[in-house]
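# Requesting a structural model of the entry that follows:
(chains A and B)
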Protein chains: 2
Amino acid sequence: MSTEPVLIAGTWREADSTGTFQAENPATKEAIPTEFPVSSWRDCELALASAAEAFVALRSIPEEQIARFLECYAEKIEERAEELVEIAHQETALPKSPRLADVELPRTTGQLRQAAAAARTANWTHPVIDSANNIRSCYGSIGPVCVFGPNNFPFAFNSIAGGDFAAAIAAGNPVIAKANSSHPGTTKVFGEAAHEALQETGLPAGMVQLIYRTSHSTGEQLITDDRVGATGYTGSRNAGLALKKAADLAGKPIYLELSSVNPVIFLPSILEEKAEALAEEFTGSCLMGTGQFCTNPGMVLLIEGEDAEKFISTVKEKFESAATGTLLSGSVEKTLHQSHKTLTSAGAEVCCGTSEGSGNGYCVANTLLRTDGASFLRNPETFQTEAFGNSSLVVTAASIDEAVEVIESLEGNLTGCIYSSETGEDDASYDRIAPVLRQKVGRLLNDKMPTGVAVSPAMNHGGPYPATGHPGFTAVGIPASLLRFAMLQSYDNVRADRLPSVLQDDYDGPTQRLIDGRWV
Amino acid sequence: MSTEPVLIAGTWREADSTGTFQAENPATKEAIPTEFPVSSWRDCELALASAAEAFVALRSIPEEQIARFLECYAEKIEERAEELVEIAHQETALPKSPRLADVELPRTTGQLRQAAAAARTANWTHPVIDSANNIRSCYGSIGPVCVFGPNNFPFAFNSIAGGDFAAAIAAGNPVIAKANSSHPGTTKVFGEAAHEALQETGLPAGMVQLIYRTSHSTGEQLITDDRVGATGYTGSRNAGLALKKAADLAGKPIYLELSSVNPVIFLPSILEEKAEALAEEFTGSCLMGTGQFCTNPGMVLLIEGEDAEKFISTVKEKFESAATGTLLSGSVEKTLHQSHKTLTSAGAEVCCGTSEGSGNGYCVANTLLRTDGASFLRNPETFQTEAFGNSSLVVTAASIDEAVEVIESLEGNLTGCIYSSETGEDDASYDRIAPVLRQKVGRLLNDKMPTGVAVSPAMNHGGPYPATGHPGFTAVGIPASLLRFAMLQSYDNVRADRLPSVLQDDYDGPTQRLIDGRWV
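Model prediction:
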């Protein structure tokens, strides 16, 4: 069987490969026959040269054309929806419906269309004009962007179709996508659709390129190359931190979405009111998608007592009676077992799970662990080990004081939730906990599980390190997510006809501009 | 003589010092008697604890009070203007008038007042509301900020009074200021004024703290501490990169302003039209403040020929006949000599200068070096060595093609300027050069020297690495500069009375909000 070609410089060509790999069907643990190449530096070099050329060509291409590409691409994805759902299901074991076909695919095309609107309206550029000084500024494209997508969203965060891709393209940057090794076949279909859309809309050949895999060192060389503007990475903490270190040393912006335990706090009165209903809500959120969400509630903080015990025992029952989902890969299964071992070695008690799962293929039994606040505080770093999958750790604090201390000991997270009673009885506790939690998370929730991440302009899918690499940026939400792939550009005394259109005096487009201190 | 106290936790107290240092009068090379302490980790630890406490206290302090502090502080600075000008002149040899008294001091108090307005109006928080999803976001404070100021602006970039300080405070963060060792006495006066303003306006004791110096390792420990939100650094590239490395590894945002050669390109027709006038304009910009500006034009790019030679010989004459200014310190003098040696060793010819200066104290003769485009391109990194001071390197390119190549080989810079004829004869060259230069610089200028940095909302005093650490942020210009010391905070389903006021439905303040896709 021949190895799949890569998409470089506008053509599907044989990779200069140092090896091959295959995806696996996680539900059967069987390899999927198609062979994908591991690209050498030579492939990266060609892709970089073509991306740099595309970035030059983009100077004379109107934003409208970029917008049309994104929309045309969304249509082509819809035309191939069945094929995409089929292969993604094979490669990830995620349910075809509703998950892949009815939720993630529409989300993906929706993102591309929102990105098209952002490109068309330039609503992400924040034009500012100081007439007296004749200084004008706006955000502009940063240069070719490398995108490394995660395993858990084969569509919506796919490196050649997902949020980072859409944001980077809409901001006027070519993308070099590196597939996630767990779903290369899905990524290939996207690559084909993107390539067709490129051709139909006449964007430069190097605007969208695809390689499947590289060695770690080649990956680092790629993202630190002079021709690269920035990198978007979503995935495991270790691989992400290695890329971050390389990018930081080279002075290249890198936007990472790493691990997060997403603490959820149930305050005493709300727990007293409805421990069982909360257990139900929590179970749904924690086991959804076999727990493989960046925003999965991996840590629950309770004040110890009868209601806490009732919550824990109810969740335990529900976890035990719920079906065990299939994990995305053998590697996810292995890492989940390792995380459980780390947590139990540190003293976490097993309420249920940690054992082999009874589901199809790769799986681990639905797992609930527990520890108390004092134990957590003796070893906060270890107890924050992310157990990516259908697993959560309950921490019972002796008091609100101790709960505050636990939250103070947390690393940066994507989300933090507080459930409190409507009666006002939890308000004093809320007021002590919320400000501490606020600084630790990108998104603060009330009375709601964190797993839904709406593609909203007000969304922050981000947070302090190590949830991400910089707390000022979001990976979800348009137009804000475009700012990751932009640089601030000031024009001082630049002649009128040489300015970007959003900075010209006679601009009449839809974007809000700050002119001499007034929004116009 | 006793050692000066440090300002920690609201009191001027004896430092836990590991040594002392004195400033020097660069015009006389004599030490100024006052002894300042080198702080140990213990001082930093106390300052961090107090800053963290202040950050907690700030939760219940209205923005109005922060604004009043900044304004009160500006008044106190004005009350002590004569004293500040006197001591800054002694410590830096910068002229009292107009530079210190009439330009830099008003700029400094102006920045504080603009920052006060930003704090009061919250115009930096970018509120976004998605009513349908009940998700709301805005930028919020990031936590205690460490500020390391540079030697060249004893007022406007002073670590306890300058742009970083004003931005960090206005964004709601306590500041731990580390003085620049070349003007500790100036910094002390600011510290006293800030302390009085703090007391009068009732802000927490740890809101503004001052230490004078630490060892490198203690400085790194300081900025990577868990309690720190971010760091602002302006200064030499080496020290800045060491701090960046430490901060990056700890996942702490750091905003750096490092070195920049600020290329200026005179296109052929404008040079033909007025080589002498341009030489005059360039000389004024290059020698102003003895060339010690971040935006000093350290590199001039010309197309070889008679007009280029005329420009060079005119500048040479002007440099030779101009007075030689005093440099900020012995270290600046030494580094300038070293840079000249690096450049001449690489093959740069000396048009004039490089020798000892005939001015007062530390000085180097006004220096003009030259090389050709081919030589530059053989060794672009070395030829971009910043010669911080009254010095510039002329590069003569054989053609516009070669000039484009030279610009392509440039690192990131704060500014880049292109002078071109109004006749349109330079336009084709401009169109080739400007897009390449645009991506290399934070601020692109036309027909204007880069040394003036207006405090304008449209200013970008920033640029790609290594001019700064991230091309998305500016160090000058309010409110944009506040975003460096902020994190993006999303509120998902958070109850109305728990939201920041800018995100509440009944907000009636002055800040523009993006509500359901419409600016309101």
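
# roughly how far apart are the closest residue to residue A:214 other than its chain neighbours and chain B?
Spatially, and ignoring its direct neighbours in sequence, residue A:214 is nearest to residue A:39 (5.2 Å; C-beta to C-beta, 6 or more residues apart in numbering or on different chains). Any C-beta I mention is one placed from the backbone N, CA and C, and that applies to glycine too. For residue A:39, the distance to chain B equals 26 Å [C-beta to the nearest C-beta, to the nearest Å].

# Also residue A:295?
In terms of C-beta to the nearest C-beta, residue A:295 sits 10 Å off from chain B.

# Is that residue in contact with residue A:259, as I believe?
No - contact criterion C-beta atoms under 8 Å: residue A:295 and residue A:259 do not qualify, at 11.3 Å.

# Can you give me the buried ones in the lengthiest helix in chain A?
Selection of the longest helix in chain A by residue count, based on DSSP state H, yields helix A:268-287. Residues of helix A:268-287 classed as buried by neighbour count (16 or more other C-beta atoms under 10 Å in any protein chain shown): A:268-275, A:278-279, A:281-283, A:285-287.

# what do you get for stretch A:324-338?
In stretch A:324-338, counting by 16+ other C-beta under 10 Å, buried: A:324, A:325, A:326, A:327, A:328, A:329, A:331, A:332, A:333, A:335, A:336, A:337.

# for stretch A:379-390, same thing?
For stretch A:379-390, by 16+ other C-beta under 10 Å, it's A:380, A:383, A:384, A:385, A:386, A:387, A:388, A:389, A:390.

# low-scoring stretches of chain A, by residue?
A:1 (pLDDT under 70).

# what do you get if the cut-off is 90, keeping everything else the same?
Within chain A, the ranges that satisfy pLDDT under 90 run A:1-2, A:259, A:452, A:517-520.

# Centroid-wise, who is the farthest residue in it?
residue A:132 (42.3 Å; C-alpha atoms, centre = their mean).

# quick one: the helices in the stretch 151-300 of chain A?
Secondary structure of the stretch 151-300 of chain A by DSSP state H, counting those that start in this stretch: the helices cover A:163-170, A:184-201, A:216-223, A:237-250, A:268-287.

# how about those helices in TSV, adding distance to residue B:203?
Formatted as TSV, the helices of the stretch 151-300 of chain A follow (distance: least, C-beta to C-beta, whole Å):
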stretch	distance to residue B:203
helix A:163-170	39
helix A:184-201	53
helix A:216-223	43
helix A:237-250	34
helix A:268-287	35
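
# Can you tell me how far residue A:100 is from residue A:180?
In this view, residue A:100 and residue A:180 are 15 Å apart by C-beta to C-beta, to the nearest Å.

# Which residue of these two possesses the greater neighbour count?
residue A:180 (28 against 22; other C-beta atoms under 10 Å in any protein chain shown).

# Can you pull up the residues of the stretch 1-150 of chain A that come close to chain B?
A:56, A:59, A:128-130, A:133, A:135-137, A:139-140, A:142-143 (C-beta under 8 Å from any C-beta of the partner chain).

# Apply 6 Å and report the result again.
Residues of the stretch 1-150 of chain A found near chain B (C-beta under 6 Å from any C-beta of the partner chain) are A:59, A:128, A:130, A:133, A:135, A:136, A:137.

# just checking, the fourth one touches residue B:454?
Meaning residue A:133. Yes - judged on C-beta atoms under 6 Å, residue A:133 makes contact with residue B:454 at a distance of 4.8 Å.

# Next, the buried residues of stretch A:53-73.
For stretch A:53-73, burial by neighbour count (16+ other C-beta under 10 Å) applies to A:53-55, A:58, A:61, A:63, A:66-73.

# Which of these sits closest to residue B:221?
Closest approach to residue B:221 among these (C-beta to C-beta): residue A:55, at 40.5 Å.

# and that closest one, what helix or strand is that in?
helix A:41-57 (DSSP states H and E).

# Buried residues, that helix. List them.
Buried residues in helix A:41-57 (16+ other C-beta under 10 Å): A:41, A:43-48, A:50-55.

# what residues does it touch?
A:8-9, A:15-16, A:143-144, A:174, A:176, A:204, A:206-207, A:209, A:211, A:218, A:222, A:225, A:227 (C-beta atoms under 6 Å, 6 or more residues apart in numbering or on different chains).

# before we move on, what about stretch A:424-440?
A:267, A:269, A:400, A:404, A:407-408, A:410, A:413, A:416, A:418, A:420, A:444, B:59.

# A PyMOL selection for the residues you listed, restricted to the buried ones, would help me check which they are.
Buried members of the contacts of stretch A:424-440 can be picked out in PyMOL with the line below, counting by 16+ other C-beta under 10 Å:
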select buried, chain A and resi 267+269+400+404+407+410+413+416+418+420+444
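
# Which single one of the contacts of stretch A:424-440 is nearest to residue B:512?
Out of those, the member with the shortest distance to residue B:512 (by C-beta to C-beta) is residue A:444, at 23.1 Å.

# hang on, the closest one is in a strand, isn't it?
Yes - counting by DSSP: H, G, I helix; E, B strand; the rest coil, residue A:444 is found in a strand.

# what's it in contact with, if anything?
Residue A:444 neighbours (C-beta under 6 Å, 6+ apart): A:416, A:438, B:491.

# what's the answer for residue A:268, then?
residue A:303.

# Just to check, residue A:307 is in contact with residue A:270?
No - Residue A:307 is beyond contact range of residue A:270, at 9.3 Å (criterion: C-beta under 6 Å).

# still on that earlier bit, return the most buried member of the helices of the stretch 151-300 of chain A.
Per-stretch averages of neighbours, counted by mean count of other C-beta atoms under 10 Å in any protein chain shown, single out helix A:163-170 among these, with a mean of 31.

# So which elements touch that helix?
helix A:105-121, strand A:145-148, strand A:175-178 (3 or more C-beta pairs under 6 Å, 6 or more residues apart in numbering or on different chains; DSSP states H and E).

# Could I get those in TSV, plus columns for mean neighbour count and distance to residue B:459?
Listed next are these as TSV, based on neighbours: other C-beta atoms under 10 Å in any protein chain shown; distance: least, C-beta to C-beta, whole Å:
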stretch	mean neighbour count	distance to residue B:459
helix A:105-121	22	25
strand A:145-148	28	26
strand A:175-178	28	31
